[in-house]
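A.B. asks: please find the sequence and the predicted model below.
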Amino acid sequence: MDVTVFIKHSCWWITTIEQVRMSTNEFESITVLQLKEKLEPLTGEPVGEQRLVFAGKQLEDDARLVSCGIQHKTTIELILNVRVIVKGLTGKTIKIDLPDNEFKSITVLQLKAKLEPLTGEPVGEQRLVFSGTQLKDDRLLVSYRIHRGAPVHLILKNDVTVFVKCSGLETIAIHLCDNKFQSVTVLQLKEKLEPLFGVPVEEQRLIFSGKQLEDDALLVSCGIQHKTTIELILNVTVIVKDLTGETIKIDLHEFQSITVLQLKEKLEPLTGEPVGEQRLVFAGKQLEDDALLVSCGIQHKTTIELILKNDVTVFVKWHNGETILIYLSNNEFESVTVLQLKEKIQKLKGFPGNIMFMIKMTSRSVQSLV
């Protein structure tokens, strides 16, 4: 008869039960170390990171399972070390390994106490930040859902925090080491903002006290201090593509306040198409005139489709209820065949087929084709 041993594995807030089956002969001689080796491919955790606990006692690697009182259908607890990564503003990284059960009960204050001898910084001088949120001393680390490999940032009491506000987007806190803040330029701040907002340095304008900050100016010379808020104005390029394939690039200097209607007004002299004849589509959805571009998910170098009022929209509905939209210019529609329409569908969905679809035409009746 085979023997089954259950391994209860709790990591973060997820509990998993693994089953290890072995023959009776194998079970009689297997050691704790050999069991760990079987668990490594199941859990992805190296043997050296595993601790096995049964009846409240940690099992020694060279002990045989039977000598530890393990029997058929016994449950053993697997305890793993959780690695907390702490990064300072100087770039120094500290790794602290905590047993999973300790990690679940450790507070932010207790983590600071572990950091004190490693950093030389007193607990009272430390501020810990995760995902832009400063961690409170009396809260458990697990309550912030800090996941494996995600860094916690160590900010010292005298370090400088600058807030960057961009209309329509989340305000971001930038932490700067106190002894380096005096020499940080506007350009260097923009470089820190680039990966956070996804906008190149040259497309950014920083405004403080109503004035645009020059790239080579020092932040301190501009009056920037701890907890100052700077406004970020994005210079975004939007690409508009019509049904003929022609593209127009429009630079928007006040991007975060631009509405869909205002973009249409900018397109009118470039396309010769009146605002009332234009429909703008992004990610398969028609954009409403009063919506802000930024609220529609439009970003730097996003492509928006320009559909004219008399163009034809074909709705293709799949058996699972999904509907995709295919746009045809009015001229193109007059000569398009069912085969050509299928080819367009294939490009979007990746496969052809015998498809039943509905064609809806502006100012025309709805027709069904097979």
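C.D. replies: Nice, thanks for sending it over.
A.B. asks: CA only for contacts and neighbour counts going forward, please
C.D. replies: Fine.
A.B. asks: where are the low-confidence patches of the stretch 201-350 of the chain?
C.D. replies: Regions of the stretch 201-350 of the chain meeting the criterion pLDDT under 70 cover residues 318-320, 348-350.
A.B. asks: which residue ranges of it form helices?
C.D. replies: Taking DSSP state H, counting those that start in this stretch to define them, one finds helices in the stretch 201-350 of the chain at 260-271, 330-335, 338-349.
A.B. asks: looking at those helices, which is closest to Ser29?
C.D. replies: Closest to Ser29 of these, according to C-alpha to C-alpha: helix 338-349, at 56.4 Å.
A.B. asks: which one of the helices of the stretch 201-350 of the chain is the most hemmed in?
C.D. replies: Relative to the other members of the helices of the stretch 201-350 of the chain, helix 260-271 carries the highest mean neighbour count by mean count of other C-alpha atoms under 10 Å, namely a mean of 16.
A.B. asks: got the CA positions of that one in PDB?
C.D. replies: Included here for helix 260-271 are C-alpha records, laid out as PDB according to Å, rounded to 0.1, in the frame of the first residue of the first chain:
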ATOM      1  CA  VAL A 260     -12.400  64.700 -27.200                       C
ATOM      2  CA  LEU A 261     -14.400  67.700 -28.600                       C
ATOM      3  CA  GLN A 262     -11.300  69.900 -28.500                       C
ATOM      4  CA  LEU A 263      -9.200  67.300 -30.300                       C
ATOM      5  CA  LYS A 264     -11.900  67.200 -33.000                       C
ATOM      6  CA  GLU A 265     -11.600  71.000 -33.300                       C
ATOM      7  CA  LYS A 266      -7.900  70.600 -33.900                       C
ATOM      8  CA  LEU A 267      -8.500  67.900 -36.500                       C
ATOM      9  CA  GLU A 268     -11.000  70.000 -38.500                       C
ATOM     10  CA  PRO A 269      -8.500  72.300 -40.300                       C
ATOM     11  CA  LEU A 270      -6.100  69.300 -40.800                       C
ATOM     12  CA  THR A 271      -8.600  66.900 -42.300                       C
END
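A.B. asks: hang on, Val199 in a strand?
C.D. replies: No - Val199 sits outside any strand when classified using DSSP: H, G, I helix; E, B strand; the rest coil, being coil.
A.B. asks: and the pLDDT at it?
C.D. replies: Looking at Val199, its pLDDT is 78.
A.B. asks: check contacts around it.
C.D. replies: Shown in contact with Val199 (C-alpha atoms under 8 Å, 6 or more residues apart in numbering): 193, 234, 236, 300.
A.B. asks: okay if I get the helices of the stretch 201-350 of the chain as TSV plus distance to Lys92?
C.D. replies: Formatted as TSV, the helices of the stretch 201-350 of the chain follow (distance: least, C-alpha to C-alpha, whole Å):
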stretch	distance to Lys92
helix 260-271	45
helix 330-335	61
helix 338-349	47
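A.B. asks: and for Ile258, the neighbour number?
C.D. replies: By the measure other C-alpha atoms under 10 Å, the count of residues near Ile258 is 16.
A.B. asks: hmm, it is touching Leu292, no?
C.D. replies: Yes - with contacts counted by C-alpha atoms under 8 Å, Ile258 reaches Leu292, the gap being 5.8 Å.
A.B. asks: quick check, Leu89 in contact with Asp178.
C.D. replies: No - in this structure, Leu89 sits apart from Asp178 without contact. The criterion is C-alpha under 8 Å, and the distance is 9.4 Å.
A.B. asks: quick check: domain ranges of the chain?
C.D. replies: According to automatic domain parsing, the chain is divided into the following domains: 3-80, 83-156, 160-234, 236-308, 312-369.
A.B. asks: average pLDDT for the second one?
C.D. replies: Per-region confidence: domain 83-156 scores 85 on mean pLDDT.
A.B. asks: and that domain, end to end?
C.D. replies: The stretch domain 83-156 measures 22 Å between its terminal residues, going by C-alpha to C-alpha, to the nearest Å.
A.B. asks: before we move on, which element is the nearest residue to Thr229 once chain neighbours are set aside in?
C.D. replies: With sequence-adjacent residues excluded and distances taken as C-alpha to C-alpha, 6 or more residues apart in numbering, Thr229 is closest to Phe163, at 4.5 Å. Applying DSSP states H and E as the criterion places Phe163 in strand 160-165.
A.B. asks: how many other residues sit next to the residue nearest to Glu277 when sequence neighbours are not counted?
C.D. replies: Spatially, and ignoring its direct neighbours in sequence, Glu277 is nearest to Lys309 (4.8 Å; C-alpha to C-alpha, 6+ apart). Other residues within reach of Lys309 by the criterion other C-alpha under 10 Å amount to 16.
A.B. asks: need the contact list for Lys309.
C.D. replies: Listed by C-alpha under 8 Å, 6+ apart, the contact set of Lys309 reads 276-279, 362.
A.B. asks: for it, give me phi and psi.
C.D. replies: Backbone torsions of Lys309, given as degrees, to the nearest 10, read phi -60, psi -40.
A.B. asks: now Gly198
C.D. replies: phi 70, psi 20.
A.B. asks: and it, how far from Val260?
C.D. replies: Relative to Val260, and taking C-alpha to C-alpha, Gly198 is found at 21 Å.
A.B. asks: quick one: list the elements packing against the longest strand along the chain.
C.D. replies: Once the chain is assigned using DSSP state E, the strand that runs over the most residues is strand 75-88. When contacts are defined as 3 or more C-alpha pairs under 8 Å, 6 or more residues apart in numbering; DSSP states H and E, strand 75-88 sits against strand 3-11, strand 50-54, strand 93-99, helix 100-103, strand 151-156.
A.B. asks: re earlier: in PyMOL, how would I select just the buried ones from the contacts of Lys309?
C.D. replies: What follows is the PyMOL syntax selecting those of the contacts of Lys309 that are buried according to 16 or more other C-alpha atoms under 10 Å:
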select buried, resi 278+279
